[in-house]
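Novice: Got a predicted structure plus its sequence, pasted below:
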Amino acid sequence: MDQTLWSKAHGAATHFPIALVACSAALDTVGWFRAGRPFAGDLHAVGYWTILFGAAGSVPAVISGVLMTKGSVLGHGLLRLHHLFVWPAFGLLIAIATWRALVGRHPARRLLAGYLCGVAAMLTLLIIAAYWGGELLLATAIEPGP
C-alpha cells in the first residue's frame, strides 16, 4: 500500500481522539469544581461519553500509525521519541476509558479526583507525542521543486 495513504489516514485519525479526550477532561474538571450544581451531572455524563469515543477513536490512529511505520513499534530518531510517549499515552487512555466505563457516568468525587489526575498525565504524554509526531512530519516532508 502507498505510504502516503497511511500518513494521511494517520494524520486524519489522530485529531479526533485528541479533541475528544481534551474535551472530556475539561467537562469532567468543570463538573468536579461545580459539584452540587444541577448541570454538573450533565457535564460528567458528556465527559463519560467523550472519553469512551476518544478511546475508541484512538484505535484507528494506532493502526494507521503502525501500518505507516511498517510495524516498527519503537523506531529511531524522531519516530522513537514519538513512540516513547505515544505508547504510554495510548495504554493509559485505554485503561482510563475502561475504568470510566466500569464505574459509570457519575463516579464518587474522590474517585473522580484520581481519575482527573490520570487524565492529566495521559494528556501530557499525548501532547508530547503529538509534538514529536509533528516534528517527524516536518523532518520527512518533501520540499516542493522550483
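Specialist: Looks like it arrived, so ask away. Keep in mind that this is a model prediction, so the values were computed, not measured.

Novice: what about this protein, any weak spots by pLDDT?
Specialist: Within the chain, the stretches with pLDDT under 70 are 1-3, 142-146.

Novice: quick one, helices of it?
Specialist: Along the chain, counting by DSSP state H, helices occupy 3-33, 40-68, 77-103, 109-140.

Novice: Kindly reformat the ones you listed as JSON lines containing mean neighbour count.
Specialist: All C-beta spots, glycine's among them, are computed from the backbone N, C-alpha and C. Shown next, in JSON lines, are those (neighbours: other CB atoms under 10 Å):
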{"stretch": "helix 3-33", "mean neighbour count": "17"}
{"stretch": "helix 40-68", "mean neighbour count": "19"}
{"stretch": "helix 77-103", "mean neighbour count": "17"}
{"stretch": "helix 109-140", "mean neighbour count": "15"}
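
Novice: In this structure residue 103 contacts residue 111, no?
Specialist: Yes - in this structure, residue 103 is within contact of residue 111 by CB atoms under 8 Å, at 6.6 Å.

Novice: my guess is residue 139 meets residue 81, correct?
Specialist: No - in this structure, residue 139 is not within contact of residue 81 by CB under 8 Å, at 11.0 Å.

Novice: which residues touch the residue lying closest to residue 121 once chain neighbours are set aside?
Specialist: Among residues not flanking residue 121 along the chain, residue 92 sits closest, at 6.7 Å (CB to CB, 6 or more residues apart in numbering). The neighbours of residue 92, taking CB atoms under 8 Å, 6 or more residues apart in numbering as the test, are 118, 121, 122, 125.
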